[in-house]
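*Asks:* just coords:
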């Protein structure tokens, strides 16, 4: 189970690797509303937070072979973030994407030095191939949204929100795989309501 301590540990670990994105007030004084501008994060989304926490945690434990590196399956954003984190840490990355992945995302993943593998027409096929690659090669598997380290890294968003504006009582977020939701729930527990 993920806790706020996991999120705080992740925040310390990834500090200096990710941007502290701005929290911008867009509401009125009688109806306050803020937007967390994660589109300004490296790669254009929140996912580097979890990717860095996963890669750096594994490196610290000795679970990351710097010659073999990391592997991820992605439709785009998780692959970008894993490739970015791997490049920053100086390890190789392999990213498995479905053949239907947007060409612009594939090109950006490659621009970070990752080897892209186009597998199948569905994400599930790319995922299965990435898991098999991790098992065969010993590469560190970086899930797109699952796992304590991924979720704890994503939860650092809520830490920043509630640090910048402690009066915020509700955090509203979109949910895909649920990693950011898990981290946000852990971070905000007892401090703010989370609406997914």
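*Replies:* Here it is on my side, so go on. Note that this is a predicted model, so its numbers are computed, not measured.

*Asks:* for the helix or strand where residue 35 lies, buried residues please.
*Replies:* If you go by DSSP states H and E, residue 35 is part of strand 34-36. For strand 34-36, a neighbour-count test (16 or more other CB atoms under 10 Å) marks 34, 36 as buried. Yep, even glycine has a C-beta here, placed from its N, CA and C like the rest.

*Asks:* so for it, mean pLDDT?
*Replies:* For strand 34-36, mean pLDDT is 97.

*Asks:* quick one, helices of the protein?
*Replies:* 4-14, 48-61, 77-89, 103-111, 123-137, 148-154, 156-164, 179-188 (DSSP state H).

*Asks:* so what touches the strand holding residue 35?
*Replies:* Strand 34-36 has contacts (CB atoms under 8 Å, 6 or more residues apart in numbering) with 21, 22, 23, 24, 25, 26, 27, 157, 160, 161, 165, 168.

*Asks:* what's the closest of these to residue 2?
*Replies:* Residue 2 lies nearest to residue 157 out of the contacts of strand 34-36, by CB to CB, at 13.8 Å.

*Asks:* how near is the closest one to residue 185?
*Replies:* Using CB to CB, to the nearest Å, residue 157 is found at 12 Å from residue 185.

*Asks:* same thing with residue 79?
*Replies:* Distance of residue 79 to residue 185, given as CB to CB: 25 Å.

*Asks:* which of those two has more neighbours?
*Replies:* Counted by other CB atoms under 10 Å, residue 79 and residue 185 do not tie: residue 79 has more neighbours, with 33 against 20.
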